[in-house]
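>>> sharing a model that was predicted from the sequence below.
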Amino acid sequence: MGLPGLSGIELVVNTLDTQQLRNGVNAPSVTVTASCPTGKVALSGGASMSQNGGFTILSKPVVVAGQAVGWQSFVTTSSGNALPIGSNVTATPYVVCALAQ
């Protein structure tokens, strides 16, 4: 069985759940999720933005049957203002996963 600890650490980026924040509306927001491969647990995670700027990212583990199996992030503008028309700002979720003993 081996010594207790972590092994098989990997970063999972879920490009299939990349979402664009709507522009022209106040406080645009999206929720994105990345999941660990079966058998691994989530250690941390978040969302990366396609552009720099004032964004607020609130994130939390996705827990199923007492195990953290993924990471969910809620993203919005930190000002609450609208993004300019024609802007293309996307959020891509990621999660750090590992085998845990």
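In hand now; what should we look at? Numbers count the residues shown, from 1 in each chain.
>>> which residues does Val63 bridge with?
Going by DSSP bridges, Val63 is paired in beta bridges with Ala68.
>>> ok, it touching Val69?
Yes: using CB atoms under 8 Å, Val63 is in contact with Val69, at 7.2 Å. C-betas here are computed from N, CA, C, even on glycine.
>>> between the two, tell me which one has more neighbours.
Val69 (19 against 11; other CB atoms under 10 Å).
>>> please name the residues that touch that one.
35-36, 41-42, 62-63 (CB atoms under 8 Å, 6 or more residues apart in numbering).
>>> pLDDT score for it?
Note on Val69: pLDDT of 98.
>>> cool, Met1 as well?
53.
>>> try Ala100
On the pLDDT scale, Ala100 gets 89.
>>> dump the residue contacts of it.
Here Ala100 is in contact with 5-6, 40-41 (criterion: CB under 8 Å, 6+ apart).
>>> now those residues as JSON lines including pLDDT?
Shown next, in JSON lines, are the contacts of Ala100 (pLDDT from 0 to 100):
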{"residue": "Gly5", "pLDDT": "89"}
{"residue": "Leu6", "pLDDT": "91"}
{"residue": "Lys40", "pLDDT": "97"}
{"residue": "Val41", "pLDDT": "97"}
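>>> my read is Gly39 is in a strand, agree?
No: checked against DSSP: H, G, I helix; E, B strand; the rest coil, Gly39 lies outside a strand; its state is coil.
>>> okay, it and Leu3: tell me how far apart.
Distance, Gly39 to Leu3, by CB to CB, to the nearest Å: 18 Å.
>>> these two: which has the busier surroundings?
Neighbours per residue, other CB under 10 Å: of Gly39 and Leu3, the larger number sits with Gly39, 10 against 6.
>>> surely the more buried one touches Leu99?
Yes: between Gly39 and Leu99 a contact is recorded at 6.7 Å, counting by CB under 8 Å.
>>> so where do the strands sit in this protein?
6-13, 19-20, 29-35, 41-49, 55-64, 67-77, 90-100 (DSSP state E).
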